[in-house]
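Enquirer: Sequence unavailable; structure follows:
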């Protein structure tokens, strides 16, 4: 469509064809219309005020006329119907059932790999189940995998993992003597924070994983894992350094040390001394427990 240099009124047919080509099919009324409700056969269509922009002129065309003005333009294909959403509670219930039915860590991993109830699975490349020695005395649990972890299918293998390795070495431990996992086994897109629904759906799996590993000491890395596994709302800077307990579904009580996440320490290196104290507490507890 072209306009004359003097901005004369464009031809109506050309204008309607332009609108149709741009995908404009619906005229707007002055008042909002609930298009999800069924008006019924007796209810007339909403009236458009003559003072509104849509009703100023009798020569304003209807949506059907606008479509007719562009006969060469194919009608847009109908949108595919969205799949029926399964309530989050139903998915959480299924996760609890699957987790409870796993008698070994290998079975748990298989059931998690087959579980389709968490949307994060469909954007992640790999299931990040665990790393290290499941018979180790210490189990460390973070929040969720990042890019490097998603690519390799192992937790804490990026810069955070390298720092964690150094922290473990400082108290005489390594990946052959500890067991490492995350609350969320799939990477959230763009490393965003997992939603409460996603966390609750994955909760039964990490709780069963801890129960099956049955470590002497549990170390939660960062606030999200501490709040979930220690059933608290306190911030990590208040939690860290203080022994708490994690109770499994079978009633086993495991001493737990909340500490700062390695990723946080990379951003705040001055707080490494706090994590160092926490790991010294872990070392002392292991000596106490034999």
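Expert: Yes, it's here. Bear in mind the structure is a predicted one, so any value in this text is a computation, not a measurement. Numbers count the residues shown, from 1 in each chain.

Enquirer: C-alpha from now on. contacts and neighbour counts both.
Expert: Fine.

Enquirer: Work out which residue lies at the spatial centre of this protein.
Expert: Centroid check for the chain by CA atoms, centre = their mean gives residue 194 as the closest residue, at 3.6 Å.

Enquirer: Let me see the contact set for it.
Expert: 144, 184, 188 (CA atoms under 8 Å, 6 or more residues apart in numbering).

Enquirer: The same query, at a cut-off of 10 Å, please.
Expert: Contacts for residue 194 were tallied using CA atoms under 10 Å, 6 or more residues apart in numbering; they are 120, 143-144, 183-184, 186-188, 200, 224.

Enquirer: gap between it and residue 188?
Expert: 6 Å (CA to CA, to the nearest Å).

Enquirer: Give me the common contacts of the two.
Expert: With CA under 10 Å, 6+ apart as the test, residue 194 and residue 188 both reach 120, 144.

Enquirer: How about residues contacting stretch 144-158?
Expert: Residues contacting stretch 144-158 (CA under 10 Å, 6+ apart): 124-132, 141-143, 159-165, 180-194, 199, 224-225, 262-263.

Enquirer: End to end on that stretch, go ahead and measure it.
Expert: 13 Å.

Enquirer: Give me the buried positions along it.
Expert: Judged by neighbour count using 16 or more other CA atoms under 10 Å, the buried positions of stretch 144-158 are 144-151, 153-158.

Enquirer: average model confidence for stretch 166-184?
Expert: Averaged across stretch 166-184, pLDDT comes to 97.

Enquirer: in that stretch, what's buried?
Expert: Using 16+ other CA under 10 Å as the test for burial, stretch 166-184 gives 167-168, 173-174, 177-184.

Enquirer: coming back round to it: now, the contacts of stretch 144-158 that are in strands?
Expert: Among these, DSSP state E puts 131-132, 141-142, 180-182 in strands.

Enquirer: Please identify which pair of these lies farthest apart.
Expert: By the measure CA to CA, 132 and 142 form the most distant pair in the ones in strands among the contacts of stretch 144-158, at 13.9 Å.

Enquirer: what about the stretch 1-150 of the chain, any weak spots by pLDDT?
Expert: For the stretch 1-150 of the chain, applying pLDDT under 70 flags the ranges 1-10, 16, 19-87.

Enquirer: Repeat the analysis, applying 50 as the threshold.
Expert: 1, 3-4, 42-45, 48-58, 70-71, 73-74, 79-85 (pLDDT under 50).

Enquirer: Residue 290: neighbour count?
Expert: 8 (other CA atoms under 10 Å).

Enquirer: Let's see the pLDDT reported for it.
Expert: Residue 290 is given a pLDDT of 86.

Enquirer: close enough to count as contact, it and residue 217?
Expert: No - between residue 290 and residue 217 there is no contact under CA atoms under 10 Å: 11.5 Å.

Enquirer: Now for the two: what residues contact both?
Expert: By the contact definition CA under 10 Å, 6+ apart, residue 290 and residue 217 are jointly contacted by residue 137.

Enquirer: so how far is stretch 201-209 from its chain's centroid?
Expert: Centroid separation between stretch 201-209 and its chain, computed with CA atoms, centre = their mean, to the nearest Å, is 15 Å.

Enquirer: mean confidence for it?
Expert: Stretch 201-209 carries an average pLDDT of 98.

Enquirer: Stretch 266-284 now?
Expert: The pLDDT scores in stretch 266-284 average 97.

Enquirer: quick one: contacts of that stretch?
Expert: Outside stretch 266-284, the residues that touch it by CA under 10 Å, 6+ apart are 138, 159-160, 163, 167-168, 170-173, 217-219, 221, 237, 240-243, 255-265, 285-288, 290.
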